[in-house]
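>>> This is a predicted model, with the sequence first.
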Amino acid sequence: MKQPNRKRKLNMDSKERLDQDGRLEQAEEEKKPKDSTTALSHVPSAAAQGAWSWEWYLKEQKAVAAPVELFSKDQSFPEHENGFQIGMRLEGIDPRHPSVFCVLSVAEVCGYRLRLHFDGYL
């Protein structure tokens, strides 16, 4: 015995409608690609304005910077360069094996920061 051909009732969203052939058609705004960059196209980026600015970023995000008093002195950057020079040697701990001590060479000095080279590292 053959089942009768039943049509399902479609629940249509307010943005959807049936076209002349009875096919479901999307509204015009649904057909447009959803691209997040188009929504923010009216906001100029920091790169377009030149160098990045902390003040401009805070203004753009409508945020307030944390007061300097919240940061202790030991959290700030050192005010003077360190005394290390390229080629100096020192002893350090292997970060992958904390029980192993290695000889390190100063490869680069950049202000208060150092780039170290593990001598004889396998």
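All right, it came through fine.
>>> avg pLDDT for the longest strand along the chain?
Looking across the chain with DSSP state E, the single longest strand is strand 101-110. The average of the pLDDT scores along strand 101-110 is 91.
>>> Please identify the pairing partners of it and their relative orientation?
Applying DSSP bridges to the sheet, strand 101-110 is found paired with strand 89-93 (antiparallel), strand 113-118 (antiparallel).
>>> which of the ones you listed sits most buried?
strand 113-118 (a mean of 13; mean count of other C-beta atoms under 10 Å). Where you see a C-beta, it was placed from the backbone N, CA and C, and this is true even at glycine.
>>> Which parts of the protein are helices?
Along the chain, counting by DSSP state H, helices occupy 28-31, 36-39, 46-49, 54-61.
>>> lowest-confidence stretch among those?
It's helix 36-39: among the helices of the chain, that one has the lowest mean pLDDT, namely a mean of 48.
>>> Check the gap between Ser105 and Ile93 for me.
15 Å (C-beta to C-beta, to the nearest Å).
>>> can I get the strands paired with strand 101-110 in a markdown table with mean pLDDT and distance to Glu69?
Converted to a markdown table, the strands paired with strand 101-110 look like this (pLDDT from 0 to 100; distance: least, C-beta to C-beta, whole Å):
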| stretch | mean pLDDT | distance to Glu69 |
| --- | --- | --- |
| strand 89-93 | 93 | 35 |
| strand 113-118 | 90 | 26 |
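>>> In TSV: these, plus distance to Leu70.
Putting the strands paired with strand 101-110 into TSV (distance: least, C-beta to C-beta, whole Å) gives the following:
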stretch	distance to Leu70
strand 89-93	32
strand 113-118	24
